[in-house]
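K.L.:
pasting the structure only:
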């Protein structure tokens, strides 16, 4: 289980960081975004390998792909929240964020049961 969480966490961290970095530093025009995506393609490739192995190993153990995907989504959104607050300086309502994460956790519990 720790290996699966680690793989899903690494992949989610990389994708959340690259998206947040793009929002903060890359102009929203086609050429700038295309150049950025070409530059980070090897990093995203590594993130997708990490996620792919995590999904496959998780499915082998739990036989419940929606549970694995929902868990990865939860991890990803935690990273997005953190990067939004600390990298981008967004003002995020803690109450609303906790409510949203509680809803995701409840959905994961429903899928698991």
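P.N.:
Yep, it's here. All of these numbers come straight from a predicted model, not from anything done at the bench. Numbers count the residues shown, from 1 in each chain.

K.L.:
Show me the residue sitting in the middle of the protein in space.
P.N.:
Centroid-nearest residue in the chain, with Cα atoms, centre = their mean: residue 76, separated by 2.3 Å.

K.L.:
Go through the protein and flag its longest helix.
P.N.:
Of all segments of type helix in the chain, defined using DSSP state H, the longest is helix 30-62.

K.L.:
Give me the next element, helix or strand, following that helix.
P.N.:
helix 65-86 (DSSP states H and E).

K.L.:
same question for the following helix or strand past that following helix, mean pLDDT?
P.N.:
Per DSSP H and E, the first helix or strand lying C-terminal to helix 65-86 is helix 94-112. If you average the pLDDT over helix 94-112, you get 88.

K.L.:
With stretch 64-73 instead?
P.N.:
92.

K.L.:
right, and residue 78 touches residue 98 too?
P.N.:
No: counting by Cβ atoms under 8 Å, residue 78 sits too far from residue 98 to count as a contact (11.6 Å). Backbone N, C-alpha and C define where each C-beta goes, glycine included.
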